[in-house]
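> one predicted model, sequence on top.
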Amino acid sequence: MSDKFTTARLSKGQDRFEILVKPQPALDYKLGKPIPLSQVLMIEEVYSDSGKGTRASEEKLQKHFGTIDPVKVAEEIMKSGELQLTTDQRRQLSDEKRRQIISIISRNAIDPRSGAPHPPLRIEQALEQVRISIDPYRSAEEQAKQVIEDLRPVLPIKMEQMRIAVKVFPEHAARAYNAFKSFGTVTREEWQADGALVAVIEMPAGMYGSFTDRVSKMTQGTIQMKVLT
């Protein structure tokens, strides 16, 4: 690892593909900022082992990517692969995500003993006791669900809940169902004869925005949703 370059890698079967990238432009690109790929790549080469300088064979590039063009291969690696973060980047991203999670919980959680909100400082102090690992890439809303469960042994906590009824068409039903479980509890599910899914999900109210964004993209906007009273 260097402060001048890092790697992005993607495995396909038993084969691994790596590219050398500039740390900050690569992170910006990975996070969806409009950065040209030319500003990300250190060199237009694809390696099987960048540490040894071993280039990936054209045969394997063609087999797995359908092209030997290193820029096109790099696009897929950046889109679907893993970016190796520098120590500073990982710390900064994790700290920012941690602040977002604390804010979500503070806005939506109460102390069930008093009915009063938990202030951010109290939540932060509880987090220090339970040693929670924060994923710098996953959304704060998704991670808040698990963080709340991890906090319960040290912090009495209750989240305002909401129920959402959904219908997903067959081609997206299986993937959507897995996403539903990452946001809340599926309290009702009905798999219809054509493979469509009708379900009711109960989740913390603060996760609703992230939930609708994710499942709408996943289902290409075809999902039907209704907030239940």
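All right, it came through fine.
> over to the residue positioned nearest the centre of the chain. Which of the three states is it?
The residue lying closest to the centre of the chain (C-alpha atoms, centre = their mean) is residue 138, at 2.7 Å. The three-state label given to residue 138 by DSSP: H, G, I helix; E, B strand; the rest coil is coil.
> what's it in contact with, if anything?
Contacts for residue 138 were tallied using C-beta atoms under 8 Å, 6 or more residues apart in numbering; they are residue 97. The C-beta positions use only the backbone N, C-alpha and C, and glycine is treated the same way.
> and what of residue 147?
101, 105, 127, 132.
> my guess is the first one meets residue 143, correct?
Yes. A contact is recorded between residue 101 and residue 143 when judged using C-beta atoms under 8 Å, the distance being 5.8 Å.
> between those two, which contacts overlap?
Joint contacts of residue 101 and residue 143 (C-beta under 8 Å, 6+ apart) are residue 134.
> quick one, which of the two is more surrounded?
Set residue 101 next to residue 143 and count neighbours by other C-beta atoms under 10 Å: residue 101 wins out with 24 against 21.
> which element is the more buried one on?
helix 87-108 (DSSP states H and E).
> helices and strands around that helix, which ones?
Packed against helix 87-108 by the contact rule (3 or more C-beta pairs under 8 Å, 6 or more residues apart in numbering; DSSP states H and E) you find helix 23-30, helix 120-130, helix 140-151.
> apply 10 Å and report the result again.
For helix 87-108, the elements it packs on are helix 23-30, helix 120-130, helix 140-151, strand 158-159, strand 197-204, judged by 3 or more C-beta pairs under 10 Å, 6 or more residues apart in numbering; DSSP states H and E.
> after that helix, next one along is what?
strand 109-110.
> how close does residue 62 get to residue 199?
42 Å (C-beta to C-beta, to the nearest Å).
> roughly how far is stretch 24-33 from the heart of the chain?
15 Å (C-alpha atoms, centre = their mean, to the nearest Å).
> tell me the strands beside the helix or strand that contains residue 8, with direction?
Element membership for residue 8 (DSSP H and E) is strand 6-12. The pairing partners recorded for strand 6-12 under DSSP bridges are strand 15-21 (antiparallel), strand 82-83 (antiparallel).
> so where's the chain shaky on pLDDT?
Along the chain, segments meeting pLDDT under 70 span 1-3, 206, 229.
> tell me which residues of stretch 214-229 come out buried.
214-215, 218-219, 223 (16 or more other C-beta atoms under 10 Å).
> identify the residues contacting that stretch?
Under the criterion C-beta atoms under 10 Å, 6 or more residues apart in numbering, residues 139, 141-142, 162-169, 171-173, 175-176, 178-180, 182-183, 196-198, 200-202, 205, 207-208, 211-212 lie in contact with stretch 214-229.
> follow-up on the earlier one: nearest to residue 72, of the helices and strands packed on helix 87-108?
With respect to residue 72, and counting by C-beta to C-beta, the nearest of the helices and strands packed on helix 87-108 is helix 23-30 at 15.0 Å.
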